[in-house]
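In: build me a structure from this.
(chains A, B, C and D)
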Protein chains: 2
Amino acid sequence: MAMRSDSDAAVRPKLGFRPLYQQVRDMFVQRMVEGRWTPGQALPSEIDLAAEVGVSQGTVRKALDAMAAERLVVRRQGRGTFVAEHDEARILFQFFKLVPDAGEPAFPESRVDSATQEPASMADAQSLQLKAGTPVLRIHRVRSLGGKPVVAETVVLPAGLFPGFVDGPIPNNLYGSFATRYGITVARAQERLKAVALDETDAAALGVPAGTAALLIDRLALGLDGLPVEWRLSRCLTADFHYHSDLT
Amino acid sequence: MAMRSDSDAAVRPKLGFRPLYQQVRDMFVQRMVEGRWTPGQALPSEIDLAAEVGVSQGTVRKALDAMAAERLVVRRQGRGTFVAEHDEARILFQFFKLVPDAGEPAFPESRVDSATQEPASMADAQSLQLKAGTPVLRIHRVRSLGGKPVVAETVVLPAGLFPGFVDGPIPNNLYGSFATRYGITVARAQERLKAVALDETDAAALGVPAGTAALLIDRLALGLDGLPVEWRLSRCLTADFHYHSDLT
DNA sequence: TAGTGGTCTAGACCACTTC
DNA sequence: AAGTGGTCTAGACCACTAG
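Out: Below is the predicted model:
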């Protein structure tokens, strides 16, 4: 593959220098984007990958370590390296920060109230980086923990990415479904939190008086390519739960 | 130092195996705890450290990289490795997650309303892992951004760690003061967020009606040794600000 | 026992900063 | 030009998993 050739200026240009191991990382991510490597799959061994790419094992190792830090792959000593899956355990750990004040975190159940396709509002378009009017899917649901309704949630998706998603039953684990049905991986997300007073609709859905203080979570989920995949507004009751954040 | 000697079972025991580079990391952290390495100070070069510890440069590199990931040191190519400081820029980035909806993050001003020493309440003791009745310092202050009061804050400190702290003027940058005056480094923190309705006291301090929804941030700050250093309750108005969280 | 990732070493060279 | 951290390589050995 000649990636090691120092005379090949296109591969290792002196200006805009990009380390080899990052180029290798990008190549591997691209394989995931294209679906050549799919969630759960075991990657070839470091030695095999190194030989294939034309790079030392140490460089492949740095690339895979970087991907492990991004949670794109999981490395298990003695077993191999695997493309990360969006199973409930991972989502609970990485994406679901609302945990009980006492007791173990748990994956919430969902009751879908509506799931429709409509033109993107201005807010939809701005969040998802679409043009206003582009079709989006809008899902309203109430999520419960321990049998009690805790979260009133609005999910907005670019319809073009998820054809037919709204026609059948809506699964509880959305990100897992995105991956298995559409090959779209949610790689990371940004959340913006505010405290708000619940309006009558949300309060009724959660079974509390209107005006109750709730935690509003505004989440934008991004794919492997860094583009928006989902916009989500969650209004959470925090009497018995809290949002957990580690500052490290 | 003979750390490389494979025959020295005390250094590299087979059961409870701990990698060399982590042992080196622990040794370096210990130097920071003891004040031999202080914030802002330049560390010896990797080669010098490797020679001193009796380990390869690559192992020292892994130890320092791990410490850089923990934000305990800052590495600058061509210049050296430095013990991290608690300057406002770092605090803004690592510990202050409340940012304006529009515009740049800024370091808040503070007005201290009271600063006293008293016996730890049950809640104090539980949070800070003290015995009830142990003396603690309690600081009430209001923090403002852009001239507007936004946060009503209660800070609780173990009095034993910070003798005399409450006698003079209370600085705005607490963590910087902890480091320079007492050699105590806040290494990381855990935050628990809830939405609450403001009581009359906090509402008055922030100039809003009682019952206004506010974001309650319950922070426990930990030192280099992992022990609690500070407990802080912040009630934040989120009309023009939000709490930012990256899920990666 | 074979194969995987994890650690450790040694050495060469590169990019960046400072003098 | 000298010194620092950053990259890349090559090879040895260790810890863990599975057949």
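In: show me what from chain A comes close to DNA strand D.
Out: Contact residues, chain A versus DNA strand D (CB under 7 Å from any atom of the strand): A:3-4, A:12, A:19-22, A:55-59, A:62, A:76-79. In this view, the C-beta of every residue, glycine as well, is placed from N, C-alpha and C.
In: one more time with 6 Å, if that's ok
Out: Contact residues, chain A versus DNA strand D (CB under 6 Å from any atom of the strand): A:4, A:19-21, A:55-56, A:58-59, A:77-79.
In: for ChimeraX, what selects the buried ones among these?
Out: Remark: buried members of the residues of chain A next to DNA strand D, expressed as a ChimeraX selection using 16 or more other CB atoms under 10 Å in any protein chain shown:
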select /A:20,21,55,59
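In: now, which of the residues of chain A next to DNA strand D lie close to DNA strand C?
Out: Subset of these in contact with DNA strand C: A:77-78, counting by CB under 6 Å from any atom of the strand.
In: now the residues of chain A next to DNA strand D in CSV, with distance to residue B:90 and pLDDT?
Out: Output for the residues of chain A next to DNA strand D, formatted as CSV (distance: CB to CB, whole Å; pLDDT from 0 to 100):
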residue, distance to residue B:90, pLDDT
A:4, 38, 37
A:19, 26, 96
A:20, 31, 97
A:21, 27, 98
A:55, 36, 97
A:56, 36, 97
A:58, 32, 97
A:59, 32, 98
A:77, 34, 96
A:78, 39, 96
A:79, 39, 97
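In: phi, psi for the residue nearest the centre of chain A please.
Out: Taking CA atoms, centre = their mean, the centroid of chain A lies closest to residue A:186, which sits 2.8 Å from it. Per-residue torsions, residue A:186: phi -80, psi 110 (degrees, to the nearest 10).
In: same question, residue A:23
Out: Per degrees, to the nearest 10, the backbone of residue A:23 is at phi -60, psi -40.
In: what about it, neighbour count?
Out: Neighbourhood size, residue A:23 [other CB atoms under 10 Å in any protein chain shown]: 17.
In: before we move on, what about the one 10 residues further on?
Out: Other residues within reach of residue A:33, judged by other CB under 10 Å, total 15.
In: quick one: it from DNA strand D, how far?
Out: Distance from residue A:33 to DNA strand D, counting by CB to the nearest atom of the strand, to the nearest Å: 21 Å.
In: what sits against that residue?
Out: A:224-225 (CB atoms under 8 Å, 6 or more residues apart in numbering or on different chains).
In: residue ranges with poor pLDDT in chain A?
Out: Low-confidence segments of chain A (pLDDT under 70): A:1-16.
In: show me where it has helices.
Out: Using DSSP state H, the helices of chain A run over A:20-33, A:46-53, A:57-69, A:88-94, A:122-128, A:174-182, A:200-206.
In: CSV for those helices, including distance to residue B:104?
Out: Below are these laid out as CSV (distance: least, CB to CB, whole Å):
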stretch, distance to residue B:104
helix A:20-33, 29
helix A:46-53, 41
helix A:57-69, 28
helix A:88-94, 28
helix A:122-128, 20
helix A:174-182, 32
helix A:200-206, 32
